[in-house]
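# got a structure for you, letters missing:
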């Protein structure tokens, strides 16, 4: 897959919400093409629709208009089963809160996406251990989330998002729940993994200093995306 390959694309994407007798237009004719291996940060005021855009890109919500193309397939036109398969195969998700399962170890949490898609358990655990080591958690494989620091939990969440070797990672305020120093380290890790594994990265952040580390920085304002 070369750098010109489009791994995820929004075409004329629109999203409206009905509030009482008013129609709120959150996104209007948004076009966005994410190329293999690039990192794109999206900034904007609170309530601008950044998380909404990310949810649409991930097929977690339906747009009011437009299309989402993932692996050359129209994600929105797929049934829920096929959409789930495409997400599991081609996308990784990281949120502000790690969403690790408390009763499972770091290793089991990271192996989970591979087990869900039917991979051999031994191979899944091997891949999970390799990625956890890569993100600096090689000595914490058997620790449960409650035994990890905030930064360690988010590193485990990063490993879980990467373990299926997706074409693109979608990260919604992935450092928003961390202190400034830990946030910077986790962000730098994301950029490092993005470049090493050639996995595209789309992240929403309120922190301009972090956003500017991405290959492209865009602002969502008035329902439209523009390059900064």
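Received it, and whenever you're ready, just let me know what you need. The shown structure was predicted, so the numbers you read here are calculated from the model rather than taken from an experiment.
# Check this protein and tell me which residue is nearest its centre.
By CA atoms, centre = their mean, the chain has its centre lying nearest to residue 170, at 1.7 Å.
# Please enumerate residues in contact with the helix or strand in which that one is found?
Per DSSP states H and E, residue 170 falls inside strand 168-172. Strand 168-172 is contacted by residues 7-8, 34, 50-51, 54, 57-58, 90-96, 161-162, 190, 194, 199-204 when judged by CB atoms under 8 Å, 6 or more residues apart in numbering. In short, each C-beta sits where N, CA and C put it, glycine included.
# Repeat that for stretch 184-194.
By CB under 8 Å, 6+ apart, the surrounding residues in contact with stretch 184-194 are 37, 39, 94, 134-136, 151, 154-155, 158, 162, 169, 171, 174-175, 178, 199-201, 203, 205, 210, 213-214.
# for the record, mean pLDDT for it?
Mean pLDDT, stretch 184-194: 84.
# So which bits of it are buried?
Buried residues in stretch 184-194, counted by 16 or more other CB atoms under 10 Å: 184-187, 189-191, 193-194.
# Same question for stretch 213-227.
By neighbour count, with 16+ other CB under 10 Å as the criterion, the buried positions of stretch 213-227 are 213-214, 216-220, 223, 225.
# The one helix or strand residue 185 maps to vs strand 168-172, what angle?
Element membership of residue 185, judged by DSSP H and E, is helix 180-197. Between helix 180-197 and strand 168-172, the angle formed by their directions is 170 degrees, by axes from the mean of the first three to the mean of the last three CA atoms, to 10 degrees.
# Okay, and the closest residue to residue 131 other than its chain neighbours sits in which element?
The shortest distance from residue 131 to any non-neighbouring residue, by CB to CB, 6 or more residues apart in numbering, is to residue 159 (4.2 Å). If you go by DSSP H and E, residue 159 is part of helix 150-162.
# orientation of that helix relative to helix 180-197 in degrees?
Interaxial angle of helix 150-162 relative to helix 180-197 (the same axes, to 10 degrees): 20 degrees.
# what ranges do the strands span in the chain?
Remark: strands assigned in the chain by DSSP state E are 6-19, 22-35, 39-43, 65-70, 73-74, 91-94, 168-172, 200-204, 216-221, 224-227.
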